[in-house]
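Undergrad: Have a look at this fold, sequence not included:
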């Protein structure tokens, strides 16, 4: 069964146009929810970790939030350099350090 | 602090051959995980090693194997390569608990 579902699959924004990416999960006993950014041909780059509902983290134009069933990555006034694929991953109990990844949201920011 | 280093960056192999990929984790990190990334399937977990022991394994055939050395460096081996094994193979390093992992740049394997 799917553990993590991300939407939308692709998103095109004008520079400065704020939006949100969604990550819904079905894991029981969530051990952590993680956001990564991936540029073409490169490995994922860590952005945020969230552990409990209500938690929020911010970094520059990005803000991640977590509820009991989903997480949002809010992008405020994006710039072209924010164009990338954003990946969400969760960790479940009794699976060591294994991450279950969503298929990502491909973000394009147009100047 | 040096990041995660994967070698080689690119490989081209022929169907039926075998291949070994290498990963040097961040200094002090004891957990190394391997993932396969393809356009159709996204990132799929292969296995995790912690202190030289395989702690968890994904749903891949036995042709995929790995090991970890006492210095935490890890290798992944794929035997009897198939065309479908063409992918980006990523190594992730973490201290070992339920914390974030840091990825290398990956090895792009092409099987012809």
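TA: Arrived safely, thanks for sending. Keep in mind that this is a model prediction, so the values were computed, not measured.

Undergrad: Residue B:55 and residue B:32 touch, don't they?
TA: No: using Cβ atoms under 8 Å, residue B:55 makes no contact with residue B:32, being 10.1 Å away. Using the backbone N, CA and C atoms, a C-beta is placed for each residue, glycine as well.

Undergrad: Quickly list what's touching both of these two.
TA: B:48, B:49 (Cβ atoms under 8 Å, 6 or more residues apart in numbering or on different chains).

Undergrad: Compare the two and say which is more crowded by neighbours.
TA: residue B:32 (30 against 17; other Cβ atoms under 10 Å in any protein chain shown).

Undergrad: which SSE is the nearest residue to residue A:34 once chain neighbours are set aside in?
TA: Closest residue to residue A:34 apart from its sequence neighbours, by Cβ to Cβ, 6 or more residues apart in numbering or on different chains: residue A:89 at 4.6 Å. Assigned by DSSP states H and E, residue A:89 belongs to strand A:84-91.

Undergrad: Leaving out chain neighbours, which residue sits closest to the residue of chain B found nearest chain A?
TA: In chain B, the residue found nearest to chain A is residue B:103; the distance is 3.6 Å by Cβ to the nearest Cβ. Of all residues not flanking residue B:103 in the chain, residue A:43 sits nearest, at 3.6 Å (Cβ to Cβ, 6+ apart).

Undergrad: burial of the one you found, as a residue count?
TA: Neighbour tally, residue A:43, other Cβ under 10 Å: 22.
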